[in-house]
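**Student:** next come a sequence and a model predicted from it.
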Amino acid sequence: MSYTVRFVENPEDMAKCHEGVNDEQIVRFKVFSDEQGYDRSVEVDEIDPECLHWVAVDQNGQGVGTLRLYKYSATVGKVGRVAVLLNTRGSGLGRLLMEAMEKWVIENTQFEKLALSSQVPRAGFYEKFGYVRQGEEYPDEGQPHIYMEKTLVRKEQQPDE
């Protein structure tokens, strides 16, 4: 199956991230609440409207993955709510989402780093993209998490070959 990842610029795409018309479109609720047991009331938080969002859709236009990004500081963007539906995991969809977001960040922001708070069992996924664990594990909504960071490299920063 093929997937398309796009920057969310309209209410229809936002609905596929977390406010869908039906449960098939509610990626974040299905992953974080239904599957992992997080309370739905904390899933869409006060910073959600300020975040930039990406959505992955399947061939039928159904939302199957999402993530968000917000300005954590002047030089750091924080990635969050990375979610891929269970039946699409292992397909490379998470990689496509991360790559699309990072490309956009490099082309459209002055962020020097990206940060995230990973569930500990999923930290290896982010390490594949160059994120490095920082500090100690800590509980978040009852699950162990670890803060991770990645220094961004722009083309002008890459050494000549």
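**Tutor:** Received it, and whenever you're ready, just let me know what you need.
**Student:** and for residue 154, the neighbour number?
**Tutor:** Neighbour count of residue 154, defined by other C-beta atoms under 10 Å: 10. No exception for glycine: its C-beta is placed from N, CA and C like everyone else's.
**Student:** show me the shaky parts of this structure.
**Tutor:** Residue ranges of the chain with pLDDT under 70: 13-25, 37, 43, 156-161.
**Student:** show me where it has its strands.
**Tutor:** Applying DSSP state E to the chain gives strands spanning 4-7, 52-57, 63-71, 76-84, 113-119, 132-140, 143-151.
**Student:** quick check: residue 35 vs residue 106, distance?
**Tutor:** Distance, residue 35 to residue 106, by C-beta to C-beta, to the nearest Å: 31 Å.
**Student:** that older thread, in a markdown table, list the strands of the chain along with mean neighbour count and distance to residue 90.
**Tutor:** Shown next, in a markdown table, are these (neighbours: other C-beta atoms under 10 Å; distance: least, C-beta to C-beta, whole Å):
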| stretch | mean neighbour count | distance to residue 90 |
| --- | --- | --- |
| strand 4-7 | 15 | 17 |
| strand 52-57 | 22 | 14 |
| strand 63-71 | 23 | 12 |
| strand 76-84 | 22 | 9 |
| strand 113-119 | 20 | 17 |
| strand 132-140 | 11 | 23 |
| strand 143-151 | 16 | 21 |
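**Student:** just send those back as a markdown table, with distance to residue 97 too.
**Tutor:** Shown next, in a markdown table, are the strands of the chain (distance: least, C-beta to C-beta, whole Å):
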| stretch | distance to residue 97 |
| --- | --- |
| strand 4-7 | 6 |
| strand 52-57 | 6 |
| strand 63-71 | 5 |
| strand 76-84 | 7 |
| strand 113-119 | 12 |
| strand 132-140 | 20 |
| strand 143-151 | 15 |
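**Student:** and the nearest residue to residue 101 once chain neighbours are set aside, what are its bridge partners?
**Tutor:** Nearest residue to residue 101, sequence neighbours excluded (C-beta to C-beta, 6 or more residues apart in numbering): residue 54, at 5.4 Å. Assessed by DSSP bridges, residue 54 has beta-bridge partners residue 7, residue 67.
**Student:** thanks a lot, catch you later.
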